[in-house]
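In: task: produce atomic coordinates for the following.
(chains A, B and C)
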Amino acid sequence: MSEPTLLVVDDSKLARMLVHGILSRVRPGWRMVEAVNAEQALDAMDEHSIQIALIDFNMPGMNGLDLAASIRSHRRDIPLAILSANAQDEIIQRTRALDAAFLEKPVKEQALSAFLAGAALPLRFAE
Amino acid sequence: MTAFPSSSFSLLGLSGLEQDALLELINLGVGRAATNLSRMLDEHVVLSVPKAEIQPLTAAADALWAREQKGLVAVEQVFSGAFSGSALLIFPERKSLELVRAIIGPAPPVDEIGDLEQEALTEIGNVILNGCLAIIANTLGGGLRISLPTLLRGDGRAILLSEREPKPDELVLFLYIDFVVRSRNLHGYIALLMDLPSLEGLKALIQAFIANIGIPGRLSP
Amino acid sequence: MTSLEDLQLSLAGLDEVEAGILVLDTAYEVVHWNSCLERLSGISSREVVGVRLWDLFPEMAGSQFRRAVDEALSSGVPSLLSHALHPALFPLRHRDGRPLLHDVITRRFHGHPEPLCFVQIKDATERRHLQMALDHSRLQYRSVFEGAAVGICELTRDGEYIRANEHFCAMLGYNATELLGRRFQEFTHPDDVKVSLELVRGLFSNETPNFRVEKRYVRKDGSVIWACVTGSKTKAAMPGTETAVAVIEDISERKALEAERQLLLEQKDLLVREVHHRVKNSLALVASLLSMQNRQIEDPRARAHIAAAHRRVAAIAQVHDRLHRGSQMNRVALGPFITDLCVDLEGMVMAVEGGQQVVSQIDVDLELSIDQALPIAMIVSELVGNAFKHAQPHGLPGRVDVVCRLDAGALKLNIRDNGVGLPEGFDPSGGHGLGMLIVTRLTQQLQGRLEARNLPSGAEFSFTFEPGRWGRHHPDLPG
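Out: Numbering: from 1, shown residues only, chains lettered A, B, ... in the order given. Below is the predicted model of the structure:
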């Protein structure tokens, strides 16, 4: 199997660049597809073979948690992470309920790297 | 956090990406402030920013004065370093009372805000402003010296203009904040006051920050 | 960057500080615990230095203090944790065992390879007590303000209402939202605005410490109310922010009663005047009947008696005439009254005797009650009548002087004639006929004094009376 493809959903270009920067350092071979909102994200899920999704919590339109729930309903096993500076317990709990990881913004290389390592494991296992 | 339905940063002459970076920083700051406030209250809170703009200080003071007339309280923290200025969290006094009551429970039915409530409000302001200031300090580099919070009272002009001599080039990043705390709807403002050299400093830091992310290009869409 | 040892050395200097000082490193281990903190916590520095703070105080691991320490260490943002929200963050006590209310300040501290968190713990007990006392008095002020059965409002130097209690709002028929922010001038009756403005100005320019005024307000429904307003200036923490507090009492009812009372008084006045007028007319009728009857009498002695009766009735009529015409219903101005009486007496004597003269010289500005005026009228009338009767037994033209003056609060009436003088051994109080009997009795009634003496030519009767000393006896006419 080829290297996995990562979907990053965030309305902020800077935030997407930050993730991209970290990704290119810790997983240089991985592909990254970007979306600025839930609609684009769902289209991207159809168009590309996405193995991992990183979703910003707070976006105009459908919020990140609702988007994650929608993706989870189709893809029971896909590794998901919610990104937010808003680390309130309620948001973290809802994230956990979706079997997704919570990454506090601004995303730190160490935290994202750990998540990606964890996400890569089942992918390899499936291979 | 939510992107703003309305934002106007044209005064600063930022590029699209720089503007995006500034918005994201504000988002992170307000998100962190919400987190802090929620931990303080041990309860979920909603903080949103329906509007953000950069204005000359005197225009912002006039606009605030026109919107709220009088009876404002503000918590101020002054910062200095690579860029200098002050951060203010501003509430209409009655709203601030509601916020404090939501937090410390019903107090003696006094119309005006008492000393205990002032102190509680100072701390609440400190918690919210620290959320924003910590993001700025962490993201845009250290060396920022930040003061303890102080409480100001007065009308919009008094709070934004008095006790400083507004320089003609002084600008303010003005955020309209909506709170939902313990099912009460409150509103307030966060103002970041900086003179032009400081804003240039901020701009330079934003540019450096973007540059440090690495990996240019290859981004879609 | 200093070494840890250097740091501890410099921190030792903080032992003298009257505030608790605690320094934590990034592992939350205690680096410094000053002597003030040792005293307040009862825990010595040796027991805590090098120990993780959360191991010492587990409940703090999830507190706002943890957040503050983390923020200081990671971002350098200082925090203020107030006793208002955290009544007992650290388990600290005063020497006497009372819990120590305290505020906590956290900051980042450089000077070590890793940043440190500098924690300052400040005693807030005294301040809290002061605040509680202040809150208490605010609460009292508020309960007085709101509970008062009078209107209370607070205004700026421009007259703008910044507070108004329920009672005041109800008085004007507005709710507080409608009143606040507007000026009292808008609610004051146009005729009273100028005076009110002047009073408020005087208050703020420190010309007067307070004022009291009766003024009118116009209510929301357009009706006018009367109010008694007491205003004073409050003390302000900052110059220029002084306000005035006004206490407003609705006196519309009192004003209405006053107006009604005034109307009733005027009506009563009119009625009494009318009565005096009628009494005077009736007495004048009686007098003229006596006069007519006198003309048909042949016997000179009987004529003299009827004439005397005529004179007496006329004197009483004169008093009622005065009362009817006077400005005050129950008071008679002595001067014009005696003068008129003398003119009347002269007329009457002329009609009977002919060629007689009565000259009055009244140098007195005095008002008497009817109870005093009636006896005096009678006394003057009798003494003048007597003078004509006895001074000129041969019917020669004579003259009687009536002189009246005040002497040290006492009224002195001298009735002088130029006749034959008094008989030897004359005693005014002895029995000399009806005239002198009347005079003597009335003099006693007024607690006055009557003296008689002979002059080189003629006789003089002096009547002295102190109007101020005289009680309110009813005139007891001799029968």
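In: ok, stretch C:233-252 near chain B or not?
Out: No. Shown here: stretch C:233-252 not in contact with chain B (C-beta under 8 Å from any C-beta of the partner chain), separated by at least 10.2 Å. For the C-beta atoms, the positions are set from N, CA and C on the backbone; glycine is no exception.
In: same question but for stretch C:130-143, I mixed them up
Out: Yes. Stretch C:130-143 lies within reach of chain B by C-beta under 8 Å from any C-beta, at C:131, C:134-135, C:138-139, C:142.
In: got those residues as a markdown table, with secondary structure and neighbour count columns?
Out: Output for those, formatted as a markdown table (DSSP: H, G, I helix; E, B strand; the rest coil; neighbours: other C-beta atoms under 10 Å in any protein chain shown):
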| residue | secondary structure | neighbour count |
| --- | --- | --- |
| C:131 | helix | 18 |
| C:134 | helix | 13 |
| C:135 | helix | 18 |
| C:138 | helix | 18 |
| C:139 | helix | 14 |
| C:142 | helix | 17 |
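In: now for the residues you listed: which two are most distant?
Out: Across the residues of stretch C:130-143 next to chain B, the longest distance by C-beta to C-beta is 15.7 Å; it joins C:131 and C:142.
In: list the buried residues of stretch B:131-143.
Out: B:131-140 (16 or more other C-beta atoms under 10 Å in any protein chain shown).
In: so which of these are in strands?
Out: Secondary structure assignment by DSSP state E places none of the buried residues of stretch B:131-143 in strands.
In: and the least confident of these?
Out: Per-residue confidence across the buried residues of stretch B:131-143 is lowest for residue B:140, with 77 (pLDDT).
In: which ones are touching that residue?
Out: Taking C-beta atoms under 8 Å, 6 or more residues apart in numbering or on different chains, we find residue B:140 in contact with B:25, B:82, B:202, B:205-206, B:209.
In: what's the distance between it and chain C?
Out: Separation of residue B:140 from chain C (C-beta to the nearest C-beta, to the nearest Å): 11 Å.
In: from residue B:54, how far off is that residue?
Out: 16 Å (C-beta to C-beta, to the nearest Å).
In: repeat for residue C:314
Out: 106 Å.
In: show me where chain B has strands.
Out: Going by DSSP E, chain B shows strands at B:6-8, B:46-56, B:72-80, B:85-92, B:145-146, B:150-154, B:171-181, B:184-194.
In: closest to residue C:22 out of those?
Out: Among the strands of chain B, the nearest to residue C:22 by C-beta to C-beta is strand B:145-146 (20.1 Å).
In: the closest one - contacts with which helices or strands?
Out: Counting by 3 or more C-beta pairs under 8 Å, 6 or more residues apart in numbering or on different chains; DSSP states H and E, the packing neighbours recorded for strand B:145-146 are strand B:72-80.
In: would you mind pulling the contact partners of the strand it packs on?
Out: So strand B:72-80 is in contact with B:64, B:85-93, B:96, B:113, B:118, B:121-122, B:124-126, B:128-130, B:133, B:144-156, B:159, going by C-beta under 8 Å, 6+ apart.
In: on that earlier part again, so residue C:314 and residue B:54 - more neighbours on which side?
Out: Under the criterion of other C-beta atoms under 10 Å in any protein chain shown, the comparison of residue C:314 against residue B:54 puts residue C:314 first, with 24 against 20.
In: test my guess that that one contacts residue C:343.
Out: No. In this structure, residue C:314 is not within contact of residue C:343 by C-beta atoms under 8 Å, at 11.1 Å.
In: got a list of what residue B:45 touches?
Out: A:88, B:34, B:37-38, B:179-181.
In: give me that answer again for 10 Å
Out: With contacts defined as C-beta atoms under 10 Å, 6 or more residues apart in numbering or on different chains, residue B:45 is in contact with A:86, A:88, A:90, B:33-39, B:102, B:128, B:179-182.
In: tell me the buried residues in the strand or helix carrying residue C:145?
Out: Using DSSP states H and E, the element containing residue C:145 is helix C:125-147. Across helix C:125-147, burial judged by 16+ other C-beta under 10 Å covers C:128, C:131, C:135, C:138, C:142, C:145.
In: now the element after it, going C-ward?
Out: strand C:151-155.
In: from the chain's centre, how far out does that following strand sit?
Out: 20 Å (C-alpha atoms, centre = their mean, to the nearest Å).
In: then stretch C:14-23?
Out: 60 Å.
In: any stretches of chain A with poor pLDDT?
Out: A:1, A:123-127 (pLDDT under 70).
In: ok, now with 80
Out: Within chain A, the stretches with pLDDT under 80 are A:1-2, A:122-127.
In: what's the helix or strand for the residue nearest to the spatial centre of it?
Out: Residue closest to the mean C-alpha point of chain A, counted by C-alpha atoms, centre = their mean, is residue A:54 at 1.1 Å. Residue A:54 belongs to strand A:52-56 when assigned by DSSP H and E.
In: so what pLDDT did the closest residue to chain A within chain B get?
Out: Nearest residue of chain B to chain A: residue B:31, at 3.1 Å (C-beta to the nearest C-beta). We have a pLDDT of 90 for residue B:31.
In: quick one, what contacts the closest residue to it other than its chain neighbours?
Out: Among residues not flanking residue B:31 along the chain, residue A:85 sits closest, at 3.1 Å (C-beta to C-beta, 6 or more residues apart in numbering or on different chains). Residues near residue A:85 by C-beta under 10 Å, 6+ apart: A:56-58, A:104-107, B:1, B:24-25, B:27-35, B:131, B:135.
In: how about low-confidence regions in the stretch 101-250 of chain C?
Out: Using pLDDT under 80, the stretch 101-250 of chain C drops low at C:110-113, C:127-128, C:131-132, C:134-136, C:138-139, C:142, C:235-241.
In: what helices and strands are in contact with whichever helix or strand residue A:121 is part of?
Out: Using DSSP H and E, residue A:121 falls within helix A:109-126. For helix A:109-126, the packing partners by 3 or more C-beta pairs under 10 Å, 6 or more residues apart in numbering or on different chains; DSSP states H and E come out as helix A:13-26, strand A:52-56, strand A:80-84, strand A:101-104.
In: quick one: strands adjacent to the shortest one?
Out: Just to be clear, that refers to strand A:101-104. strand A:80-84 (parallel) (DSSP bridges).
In: was I right about residue C:59 contacting residue C:86?
Out: No. In terms of C-beta atoms under 10 Å, residue C:59 does not count as a neighbour of residue C:86; the distance is 11.4 Å.
In: okay, those two: which has more neighbours?
Out: residue C:86 (18 against 10).
In: before we move on, what SS does the more buried one have?
Out: Secondary structure, DSSP: H, G, I helix; E, B strand; the rest coil: residue C:86 is coil.
In: ramachandran coordinates for whatever residue of chain A ends up closest to chain B?
Out: Across chain A, the shortest distance to chain B (C-beta to the nearest C-beta) belongs to residue A:85, at 3.1 Å. The phi/psi pair for residue A:85 (degrees, to the nearest 10) reads phi -80, psi -20.
In: distance of it from residue B:213?
Out: From residue A:85 to residue B:213 the distance is 17 Å (C-beta to C-beta).
In: let me see the ranges of the helices in the stretch 1-150 of chain C.
Out: Ranges of helices in the stretch 1-150 of chain C, per DSSP state H, counting those that start in this stretch, are C:4-12, C:35-41, C:45-48, C:53-56, C:64-75, C:125-147.
In: any chance of a markdown table for those helices, columns distance to residue C:226?
Out: A markdown table is the format used below for the helices of the stretch 1-150 of chain C (distance: least, C-beta to C-beta, whole Å):
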| stretch | distance to residue C:226 |
| --- | --- |
| helix C:4-12 | 73 |
| helix C:35-41 | 63 |
| helix C:45-48 | 73 |
| helix C:53-56 | 70 |
| helix C:64-75 | 58 |
| helix C:125-147 | 23 |
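In: tell me which of those sits nearest to residue C:274.
Out: Among the helices of the stretch 1-150 of chain C, helix C:125-147 sits nearest to residue C:274 (C-beta to C-beta), with 52.6 Å.
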